[in-house]
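1. output the structure for:
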Amino acid sequence: MLTDVSLENTALLQTLLAAGAADRVILSAERTAPERWKEAAAEIRAAGAEAVLALPYVFRAEAADWLSAHRKTLAEAGFDGFLIRNIDEAGFFRENGIPGKRIFDAGMYTWNHVSAEVCRSLGADELTLPYELNQRELQERGMDSRDTLIVYGKIPLMLSAQCTKKNTGGCLKKNGTPGILAPAYSTLTDRKGAVFTEDSRCRLCYTVIYNSVPLWLFDKIPENTGRVRLCFTDETEKELQAVLKAFLKRGKPKEGSFTRGHFTRGVE
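-> Numbers count the residues shown, from 1 in each chain. Modelled structure (predicted):
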């Protein structure tokens, strides 16, 4: 079984590589300066892992212009592949002929073998299994070496064009703040008291709302799974190291600190 690790905080890259637990490392394009793409890809490959760049969740005109402006850098950075999160990005890569594997993320819903074939016709070399399928449905859909099961990470619940940073403290992007690349996390509390993680993606002006606790399936991985992915967002260095150790031991999480997502109950 191969292991992918997605990392939002590039400051923890060396810690991750030193752990030697990843066969593939996925960095965020929004959180890594284009001038560093080539260097980062080389560091990952030197550590014996594949290097993949994750594209934005939202692909509006601003994102298209930004990637177009860095198209040459993108093509020559040396990444083994790209994590594609929406159909517009699939079209962008097809039109521009950028080399590398096309790995479709969980939001490119491949609920069954028909939708999986449609995604492959759009250029997908690999697919990420939807969060919404339970264990039985995953087996019915079928899994092979081209499919990845996410086994850890805070699940994205909502994408929003609303920006609390802009509404409360001023737009970081317009102010030219150097911290635009750094993860900007805060919390939101709903009317029932549930607390969610808010991820402000200031480079392209949108927000991702994550579940408050991470998905944890280390002790539930089906035997026929060919590739899994761990997704790190706002974890500290110590938390990242602890999670990697738990994964290698297929450890169980502490009660109340995790969710099984839809893996055991599915979607009505």
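2. am I right that Leu157 sits in a strand?
-> Yes. Checked against DSSP: H, G, I helix; E, B strand; the rest coil, Leu157 lies within a strand.
3. nearest spatial neighbour of it, chain-adjacent residues omitted?
-> Ile209 (5.1 Å; CB to CB, 6 or more residues apart in numbering). Heads up, the C-betas are built off the backbone N, CA and C, glycines and all.
4. with Val25 instead?
-> Using CB to CB, 6+ apart, the closest residue to Val25 is Ile44 (4.7 Å).
5. mind giving me the packing neighbours of the helix or strand harbouring the residue nearest to Leu157?
-> Secondary structure from DSSP states H and E places Ile209 in strand 206-210. Strand 206-210 makes packing contacts with strand 156-160, strand 195-201 when contacts are defined by 3 or more CB pairs under 8 Å, 6 or more residues apart in numbering; DSSP states H and E.
6. tell me which residues are up against the shortest one.
-> Put plainly, it is strand 156-160. The contact list for strand 156-160, computed with CB atoms under 8 Å, 6 or more residues apart in numbering, reads Tyr57, Val58, Gly107, Phe196, Tyr206, Thr207, Val208, Ile209, Tyr210, Asn211.
7. one more: the last one?
-> Contact with strand 195-201 is made by 8, 30, 56-58, 154, 157, 163-165, 172, 183-190, 207-212, 233-234, as judged by CB under 8 Å, 6+ apart.
8. mind checking which of these are buried?
-> Neighbour-count burial within the contacts of strand 195-201 applies to 8, 30, 56-58, 154, 163, 165, 172, 183-184, 207-211, 233; the criterion is 16 or more other CB atoms under 10 Å.
9. nice, that's everything, thank you.
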